[in-house]
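generate coordinates for the sequence data below:
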Amino acid sequence: MKEKFHLYIQELQNTISSKLEEIDGGAKFMEDLWERPEGGGGRTRVIENGNVFEKGGVNISAVHGELPESMQHYFNVKDANFFACGLSLVLHPKNPMVPTVHANWRYFEMYDKTGNIVDQWFGGGQDLTPYYLFEEDAAHFHKTCKAACDQHNPSFYSDFKKKCDAYFWNSHRNEARGIGGLFFDYCKATEQMSMQNWYDFVTEVGNSFLDAYVPIVEKRKDLPYTAAHRKWQEIRRGRYVEFNLVHDKGTLFGLKTNGRIESILMSLPPHVQWVYNHNPKSGSEEEHLVEVLKKPVEWV
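All right, here's what the predicted structure looks like:
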């Protein structure tokens, strides 16, 4: 399974990065191959200062070795080895009318000291973070997510949307990071779902990403915007940074397993503001976004 999924994310990385370069029409992804001293490595691809994408990354990694003691406590195991591979992407567009997007699809195995698999699971998802809310864009993103889920189980969309809304929640701000999407983790074999079934589901979601996001980018990337729009984008980006550094489990796992810092922190936007006690004007588009983020919305 690990070889098959590793091959899949390599192919998906090529498909996604090629399409994004086509949309941008200017910047190209720079590629950085790296190795992890303890075992494994990855292929980081970053795009910067483009016509459409101010900064973004589409990264894959496959790492293995002894599970660090701090993560042994987290998983409640002792003397375990692990293998983890996945694709993680974040795109921060230049135009404030285009939302930031994040996606991740991953596979994990854990072994005892004799090399036997003692646990294995899939995880991942995709979610949207707008700065100006176009409700038809939110509906399109969620409809695409639901269509991918419905191919495998009619309850998946509802279940994984709720988990996404709960996970991407800035509890210290009492607001969502964005308008959600899908989040699933610890997807293990059961009587209803084999690991092959989970592989089929996760790859279905991965294959849906471009359909979910690209039409939104193409619709909004050439809309006019002002310096005030840009300032609001940078303030909201601050909330994105706060979530990634305070709450995100993927960031924590990467830091705890001696992951590559440049690849882990590539998700952070290049221009961000923290304005003291900032509140949007009453009745403004900015206030409308903040109000929506206070409570999850059923977009489909």
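
in the lowest-mean-pLDDT helix or strand in the chain, which residues are buried?
The least trusted helix or strand in the chain, going by mean pLDDT, DSSP states H and E, turns out to be helix 69-75, with a mean of 75. Neighbour counts over helix 69-75 (16 or more other C-beta atoms under 10 Å) mark residue 71 as buried. Using the backbone N, CA and C atoms, a C-beta is placed for each residue, glycine as well.

what's in contact with it?
67, 78, 79, 80, 82, 110, 253, 256, 257 (C-beta atoms under 8 Å, 6 or more residues apart in numbering).

swap in stretch 206-213?
8-9, 12, 15-16, 19, 87, 91, 101, 103, 105, 124, 126, 128, 140-141, 144-145, 147-148, 181.

separate out the buried members of these.
By 16+ other C-beta under 10 Å, these give 8-9, 12, 16, 87, 91, 101, 103, 105, 124, 126, 128, 140-141, 144-145, 148, 181 as buried.

just the contacts of stretch 206-213: which are in helices?
Here DSSP state H is the test, and the contacts of stretch 206-213 give 8, 9, 12, 15, 16, 19, 140, 141, 144, 145, 147, 148 as lying in helices.

and those, which is closest to residue 231?
Taking C-beta to C-beta as the measure, residue 141 is the one of the ones in helices among the contacts of stretch 206-213 closest to residue 231, at 25.0 Å.

wait, that closest one sits on residue 128?
Yes: if you go by C-beta atoms under 8 Å, residue 141 and residue 128 touch, sitting 5.0 Å apart.

and residue 164, what helix or strand is that in?
helix 156-167 (DSSP states H and E).

what's the average pLDDT for the helix or strand just after that helix?
Downstream of helix 156-167, the first helix or strand assigned by DSSP H and E is strand 169-170. The pLDDT scores in strand 169-170 average 97.

ok, stretch 291-300 next?
Averaged across stretch 291-300, pLDDT comes to 97.

buried residues, it. List them.
Those buried within stretch 291-300 under the rule 16+ other C-beta under 10 Å are 292, 293, 296, 297, 299, 300.

ok, now stretch 15-25?
Under 16+ other C-beta under 10 Å, the buried positions of stretch 15-25 are 16, 17, 20, 21, 23, 24.

again with stretch 153-161
For stretch 153-161, a neighbour-count test (16+ other C-beta under 10 Å) marks 156, 157, 160, 161 as buried.

okay, the second one and residue 298: tell me how far apart.
So the one you mean is residue 157. Between residue 157 and residue 298 the computed distance is 11 Å (C-beta to C-beta, to the nearest Å).

for residue 66, which non-adjacent residue is closest in space?
Nearest in space to residue 66, with sequence neighbours left out and distances taken as C-beta to C-beta, 6 or more residues apart in numbering, is residue 81 at 5.6 Å.

tell me where the stretch 201-300 of the chain has helices.
Using DSSP state H, counting those that start in this stretch, the helices assigned to the stretch 201-300 of the chain run over residues 227-246, 249-256, 261-264, 285-292.

neighbouring contacts of the longest one?
Going back to what we said before, that points to helix 227-246. The contact list for helix 227-246, computed with C-beta under 8 Å, 6+ apart, reads 92, 96-97, 100, 129, 131-132, 168, 170, 172-173, 175, 177, 251, 267-269, 271-275, 278, 280, 286, 289.

same thing with the last one?
With contact meaning C-beta under 8 Å, 6+ apart, helix 285-292 is reached by 130, 131, 132, 133, 175, 179, 232, 236, 280, 281.

tell me the pLDDT of residue 1.
Per the predicted model, pLDDT is 94 at residue 1.

actually residue 251, sorry about that
87.

879 is where my numbering starts, stick with that
Will do, 879 is the new start, and the previous item becomes residue 1129.

that one - nearest residue in space that isn't next to it in sequence?
The shortest distance from residue 1129 to any residue other than its chain neighbours is 5.6 Å, reached at residue 1122 (C-beta to C-beta, 6+ apart).

please apply the same query to residue 888.
Take residue 888 and drop its neighbours on the chain: the residue closest to it by C-beta to C-beta, 6+ apart is residue 938, 6.2 Å away.

pretty sure that neighbour is in a strand, no?
Yes: using DSSP: H, G, I helix; E, B strand; the rest coil, the assignment for residue 938 is a strand.

what two of the contacts of helix 1163-1170 are the furthest from one another?
1057 and 1159 (21.2 Å).

may I see the buried residues of stretch 930-948?
930-945.

thinking again about what came up before, and residue 1057 and residue 1159? Which one has more around it.
More crowded of residue 1057 and residue 1159, by other C-beta atoms under 10 Å: residue 1057, with 26 against 8.
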